[in-house]
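Peer 1: Below are the sequence and a predicted model for it; my questions follow.
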Amino acid sequence: MPDDTLRDFDRGTFTHEGKTRTVFRQGTGPAVIVISEMPGITPKVLEFARRVSAIGCTAVLPHLFGRPGQAYPNPAVDGKLRTARVFADSIVPACISREFTVLATGKTSPVVSWLRGLAAEEHRRCGGPGVGAVGMCFTGGYALAMATDERLLAPVLSQPSLPYGIAARQRRSIDISPDDLAKVKQRCANGLTVLGLRFRGDKTSPGERFEYLREQLGEAFVGVELENSAANPAAALAPHSVLTEHLIDEPGQPTRDALDQVLDLFRTRLLPPR
């Protein structure tokens with residue numbers, strides 16, 4: 001897939017707690033914060049954002065790492081060296097940044113504070129009953145930690161991958177502090193639904209993490225786990241990215257059903273009944 005120019009997105013900036021980042025927006029209606037996976041805001045992430053916009057929401061994409069619009073690399077086409085370089089250019093700065101918690105358990109990444117500020121500003125800007133948020137892979141758990149804010153009504157965790165599952169303790173956890181988790185659990189007891197997506201064979205987003213979320217959040221956590229065979233075979237890497245690289249965008253496909261479930265959550269929680 002070629003690079004995406006983002007010409008149909010508005011570009012601006014948002015500053016919170018002294019940190020300014022670029023933000024891309026498309027659409028009207030209640031905001032959905034789309035937090036990209038590694039290596040960044042790829043064309044497939046932008047396709048997902050356009051689907052969010054098409055249902056009547058404003059898709060809001062903060063630029064956290066990588067080069068916006070750059071296509072997801074394919075080792076068979078781009079070569080292993082270039083593929084490794086593209087990921088390294090995103091992952092290495094993020095891993096050494098103090099804003100992103102990669103290995104520690106029981107800790108919310110500092111960047112979540114900035115994302116909460118962005119969500120509050122987009123709610124003020126866009127209106128509606130609240131906002132939604134989708135985190136993917138490296139950022140999957142951010143949508144959960146953002147849900148301490150009452151304005152976040154529709155959190156989606158797509159293949160949440162942090163902390164990296166090196167040990168069992170890390171696999172049976174997610175990147176959120178005990179205090180933040182307690183607030184989210186209270187919100188779940190009061191009606192919040194948290195939607196999670198993963199492929200069953202994905203070791204990057206281990207099954208133990210979903211078991212942990214079910215234990216912590218109870219029936220409020222809706223975990224959608226797909227067979228590896230449901231992933232798009234044309235994708236460059238093993239089954240992982242449910243809403244983007246491994247999506248088969250055809251009716252009746254399990255990944256398409258998962259996408260529709262995400263969009264239905266936004267419709268139900270953010271948009272007025274038809």
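Peer 2: Everything's here; your move. Just so it is clear, the model here is predicted, and its values are computed rather than measured.

Peer 1: Centre of the chain to stretch 100-119, how far?
Peer 2: For stretch 100-119, the distance from its own C-alpha centre to the chain's C-alpha centre is 13 Å (CA atoms, centre = their mean, to the nearest Å).

Peer 1: can you give me the strands for the chain?
Peer 2: Assigned by DSSP state E, the chain shows strands spanning 10-16, 19-26, 31-35, 58-62, 131-136, 152-158, 194-199, 221-226.

Peer 1: Looking at the ones you listed, which is nearest to K107?
Peer 2: Closest approach to K107 among the strands of the chain is made by strand 131-136 (15.6 Å; CB to CB). Where C-beta positions appear, they are placed from N, C-alpha and C, glycine not excepted.

Peer 1: What residues are recorded as beta-bridge partners of the residue positioned nearest the centre of the chain?
Peer 2: Nearest to the mean C-alpha position of the chain, by CA atoms, centre = their mean, lies G135 at 1.5 Å. Taking DSSP bridges as the rule, G135 bridges to I35, L157.

Peer 1: For it, list the residues it contacts.
Peer 2: By CB atoms under 8 Å, 6 or more residues apart in numbering, the residues touching G135 are I35, G141, Y142, A143, L144, V156, L157, S158, P160.

Peer 1: And the helices in the stretch 101-250 of the chain?
Peer 2: If DSSP state H, counting those that start in this stretch is used as the criterion, the helices of the stretch 101-250 of the chain fall at 111-126, 142-146, 168-171, 178-189, 207-217.

Peer 1: most packed of those helices?
Peer 2: Among the helices of the stretch 101-250 of the chain, ranked by average contacts under mean count of other CB atoms under 10 Å, first place goes to helix 142-146 (a mean of 29).

Peer 1: I'd like the strands of the chain laid out as JSON lines, including mean pLDDT.
Peer 2: Below are the strands of the chain laid out as JSON lines (pLDDT from 0 to 100):
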{"stretch": "strand 10-16", "mean pLDDT": "98"}
{"stretch": "strand 19-26", "mean pLDDT": "97"}
{"stretch": "strand 31-35", "mean pLDDT": "98"}
{"stretch": "strand 58-62", "mean pLDDT": "98"}
{"stretch": "strand 131-136", "mean pLDDT": "98"}
{"stretch": "strand 152-158", "mean pLDDT": "98"}
{"stretch": "strand 194-199", "mean pLDDT": "98"}
{"stretch": "strand 221-226", "mean pLDDT": "98"}
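
Peer 1: okay, those strands in a markdown table with distance to A49 next?
Peer 2: As requested, those are arranged in a markdown table below (distance: least, CB to CB, whole Å):
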| stretch | distance to A49 |
| --- | --- |
| strand 10-16 | 12 |
| strand 19-26 | 6 |
| strand 31-35 | 5 |
| strand 58-62 | 4 |
| strand 131-136 | 9 |
| strand 152-158 | 13 |
| strand 194-199 | 16 |
| strand 221-226 | 20 |
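
Peer 1: what separates the residue nearest to the centre of the chain from I35, distance-wise?
Peer 2: 5 Å (CB to CB, to the nearest Å).

Peer 1: Report the set of residues contacting both of those two.
Peer 2: Counting by CB under 8 Å, 6+ apart, the residues touching both G135 and I35 are Y142, A143.
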